[in-house]
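*Asks:* Starting from these lines, generate the structure:
(2 chains)
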Amino acid sequence: MSQNSSQPRSTREVIRWLEEGHISAVTAMSHLADGFSVEPDTGDDSKVTATERRSSNPTMSVQQGRRGLQKLSSLVGLGQIKEAIREVVAYAHIQQRRSQMDLASQPLMLHSVFSGNPGTGKTTVARILAEIFHDIGVLERGHLVEAERADIVGEYIGHTAQKMRKKVKAAIGGVLFIDEAYSLARGGERDFGKEAIDALVKAMEDRRDEFVLILAGYTQEMEWFLTQNPGLRSRFAAHLTFPDYSADELVRIAELMLRERQYQLSSGGQDALRTVAGGLQGGEWGRGNARSMRNLLERAMRRQAVRLMNNSNPTRSELLTLHAEDFEEIIH
Amino acid sequence: MTRKCAIVGATGCGKTLLFWRMCKMTKADPDAAQTHSRSRSNSRMYSGHIRMPYKGGTGAGSDEWTLIDTPALHDSVQTPGIQAAGAATLRLLISCDAVIHVIDASRVGRLGGRAGLYRVDRAIHHLIMHADWPKLRRSQNGVQRPNREHASWIDRFLPVLRRRTERVRNGKLNSPVYIVAANKMDLPWSRVGHANIQKACSGAVVLPLSARRGDGIGGLFRHLAERRLGQ
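*Replies:* Numbering: from 1, shown residues only, chains lettered A, B, ... in the order given. Model (predicted):
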């Protein structure tokens, strides 16, 4: 390409070179603009140079995405859930990269259904998921908007769609998390919940890649709910069932919670905790439930406080430690 | 007098959709003689004759525009057909009165920073903002700087050539009206993209619009009408 290096003399000459395939349109325009220096034609089709690629968000996000994923793996238990989420995240990330390289990419379907008993980590996982999606560049803002029946079902005709639109709008760029979603379909034929479901389905289609919808609720009720609108089930990419925590997992969760709050357990306290966890798992105080675990721990902490009130000058280790007797009231 | 307005841009930014939207909104009848699909190997361009819906208080003169949809510009050397199409587009770009430069705002926002803009986009912006337009057009048309006396002589005797001197007087030799259309504002990431385009295309008017939904096209017309007066 001898013409490429030499300076053209006129506009006509530039256009002739372009026509004959000696220079690209970009080079031609830079000649016309006079003194406009662009990177030399490398011949490859990628539209971005290496430096630019480094400065754009998707690459930075690999690091950040890991941070979100680390948060996910630091959760106790939930093995299958974590695996499924890693799959979804990897897929979303690769589709992003593909479209960045101008390869064909599938439109992302990230709406999910989370089913499981209360306190099994649905909201927590949803919040982390929003963060990960934001990090890898799928969601613009990555926040979580929680909604329940009262937030989206209206009181008169036409009110529901309006309320729903408001919620969806608030969730744009993030995750809309509807807890106990099955309650939308409850209430019979003349209930406005049906209207809410229709509005929801429409929003999911119209603004498919602007927000991620997560419906959550008890397993059986969610199953029933998904049969209520024929189009509903197929519109969700992932159906994740959150298992109840096992007694061991509950103990580990409790230990994490205690560490966060700067408490320790005496050996008696540890035995008592195990008993409590077993009781939780057996369904005595609410099945396999991290939230009940937290409530029980807080009750034990209050018991400890009452116990120490009698002591005029508690030591540091006394302030730190929970004993078996603090759990007594709960167990018996 | 009919003025030429070219719609230019990189691949897949929505030029043709915008073209059809503008034709439809003005009830224009685009060149019915031609088929309306743009194939890659084809350097033909499609034009529609539009009357401005917004007069902007012009009074004298006509507000007729020929809107021309062009094939995409590419940033590397391509097949002969595409190269020829590129040459035709550039020829038009140099001679037209207004340029609507369409950029996919959603893509820019999604890819972030400068990476979202094609090199073609940056080149178009640079060409229009920084080229020596009078020189560029002289060298394209082979016309010398207008000579007043000469012009008035032509005025009297040769009505055909008179049109040309009018064009010269009307500032035809100056740079075209330049409008950057941040398209696809109905898609996610487009607001970020719009901001990025505004940053990247300094000095240009950036109008957010959605050719698909038809939002913001009115502003585009208004702008064309107003800017033409300003020249």
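*Asks:* neighbours around the residue in the stretch 101-250 of chain A positioned nearest to chain B, how many?
*Replies:* Closest residue of the stretch 101-250 of chain A to chain B, Cβ to the nearest Cβ: A:Glu210 (4.5 Å). Using the backbone N, CA and C atoms, a C-beta is placed for each residue, glycine as well. A:Glu210 has 19 neighbours, counted by other Cβ atoms under 10 Å in any protein chain shown.
*Asks:* Okay, it and B:Met185: tell me how far apart.
*Replies:* Plainly put, A:Glu210 is 13 Å away from B:Met185 if you go by Cβ to Cβ, to the nearest Å.
*Asks:* Equivalent analysis for A:Tyr218, please.
*Replies:* 41 Å.
*Asks:* Kindly report the same for B:Thr16.
*Replies:* 17 Å.
*Asks:* and what of A:Arg16?
*Replies:* Counting by Cβ to Cβ, the gap from A:Arg16 to B:Met185 is 38 Å.
*Asks:* Please say which of these two ends up with more neighbours.
*Replies:* Set A:Arg16 next to B:Met185 and count neighbours by other Cβ under 10 Å: B:Met185 wins out with 21 against 16.
*Asks:* Chain B against chain A: which residues are in contact?
*Replies:* Within chain B, the positions near chain A by Cβ under 8 Å from any Cβ of the partner chain are B:73-78, B:80, B:83-84, B:86-87, B:89-91, B:94, B:110-116, B:118-120, B:122-124, B:126-127, B:130-132, B:136, B:139-140, B:187-189, B:192.
*Asks:* 6 Å - rerun?
*Replies:* B:73-77, B:83-84, B:86-87, B:90-91, B:111-115, B:118-120, B:123, B:126-127, B:130-131, B:136, B:139-140, B:188 (Cβ under 6 Å from any Cβ of the partner chain).
*Asks:* Quick one, which of these are buried?
*Replies:* Buried members of the residues of chain B next to chain A, counted by 16 or more other Cβ atoms under 10 Å in any protein chain shown: B:73-77, B:83-84, B:86-87, B:90-91, B:111-115, B:118-120, B:123, B:126-127, B:131, B:136, B:139-140, B:188.
*Asks:* Contact distance from chain B - what residues of the stretch 201-332 of chain A qualify?
*Replies:* So far as Cβ under 6 Å from any Cβ goes, the stretch 201-332 of chain A lies against chain B at A:209-210.
*Asks:* Before we move on, what's the pLDDT of the residue nearest to A:Thr219 when sequence neighbours are not counted?
*Replies:* Leaving aside its sequence neighbours, A:Thr219 sits nearest to A:Ser115 (Cβ to Cβ, 6 or more residues apart in numbering or on different chains; 4.3 Å). Looking at A:Ser115, its pLDDT is 89.
*Asks:* How about B:Ser210?
*Replies:* Taking B:Ser210 on its own, its pLDDT is 92.
*Asks:* Please identify which helix or strand holds the closest residue to it other than its chain neighbours.
*Replies:* Distances taken as Cβ to Cβ, 6+ apart put B:Asp186 closest to B:Ser210, at 4.2 Å, once the chain neighbours are dropped. Secondary structure assignment for B:Asp186, by DSSP states H and E: no helix or strand.
*Asks:* Sketch out the low-pLDDT regions of chain B for me.
*Replies:* B:1, B:28-63, B:113-115, B:138-174, B:226-231 (pLDDT under 70).
*Asks:* the longest helix in the chain is where?
*Replies:* If you meant another chain, say so; for now it's chain A. Scanning chain A for the longest helix, with DSSP state H as the assignment, gives helix A:79-100.
*Asks:* That was the other one, I meant chain B.
*Replies:* helix B:80-95.
*Asks:* Show me what it is packed against.
*Replies:* Helices and strands touching helix B:80-95, as assessed by 3 or more Cβ pairs under 6 Å, 6 or more residues apart in numbering or on different chains; DSSP states H and E, comprise helix A:11-19.
*Asks:* Please export the alpha-carbon coordinates of the following helix or strand past the helix it packs on; PDB is fine.
*Replies:* Note on helix A:11-19: by DSSP H and E, the next helix or strand toward the C-terminus is helix A:25-33. What follows is helix A:25-33, C-alpha atoms only, in PDB (Å, rounded to 0.1, in the frame of the first residue of the first chain):
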ATOM      1  CA  ALA A  25     -13.100   4.600   5.100                       C
ATOM      2  CA  VAL A  26     -11.600   5.700   8.500                       C
ATOM      3  CA  THR A  27      -8.200   6.400   6.900                       C
ATOM      4  CA  ALA A  28     -10.000   8.200   4.100                       C
ATOM      5  CA  MET A  29     -11.800  10.400   6.500                       C
ATOM      6  CA  SER A  30      -8.700  11.100   8.400                       C
ATOM      7  CA  HIS A  31      -7.000  12.200   5.200                       C
ATOM      8  CA  LEU A  32      -9.900  14.500   4.500                       C
ATOM      9  CA  ALA A  33      -9.800  15.900   7.900                       C
END
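*Asks:* And the strands in chain B?
*Replies:* Taking DSSP state E, the strands of chain B run over residues B:3-9, B:46-51, B:64-69, B:98-104, B:177-183, B:205-208.
*Asks:* which of the residues in the third one are buried?
*Replies:* If I follow you right, that is strand B:64-69. Those would be B:65-69, for strand B:64-69 by 16+ other Cβ under 10 Å.
*Asks:* For the spatially most central residue of chain A, which three-state class applies?
*Replies:* Closest residue to the average C-alpha location of chain A: A:Leu129 at 1.8 Å, with Cα atoms, centre = their mean. Three-state call for A:Leu129 (DSSP: H, G, I helix; E, B strand; the rest coil): helix.
*Asks:* Who's the closest spatial neighbour of residue 71, skipping the chain neighbours?
*Replies:* Reading this off chain A. In space, and not counting its chain neighbours, A:Lys71 is closest to A:Ile128: 5.3 Å by Cβ to Cβ, 6+ apart.
*Asks:* that answer is for a different chain, and I need it for chain B
*Replies:* Nearest non-adjacent residue to B:Pro71 (Cβ to Cβ, 6+ apart): B:Ala85, at 4.1 Å.
*Asks:* Burial check on the one you found, number of neighbours?
*Replies:* 27.
*Asks:* Save the buried residues of strand B:64-69 as JSON lines, and put in distance to B:Thr11 too.
*Replies:* Converted to JSON lines, those look like this (distance: Cβ to Cβ, whole Å):
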{"residue": "B:Trp65", "distance to B:Thr11": "25"}
{"residue": "B:Thr66", "distance to B:Thr11": "24"}
{"residue": "B:Leu67", "distance to B:Thr11": "20"}
{"residue": "B:Ile68", "distance to B:Thr11": "18"}
{"residue": "B:Asp69", "distance to B:Thr11": "14"}
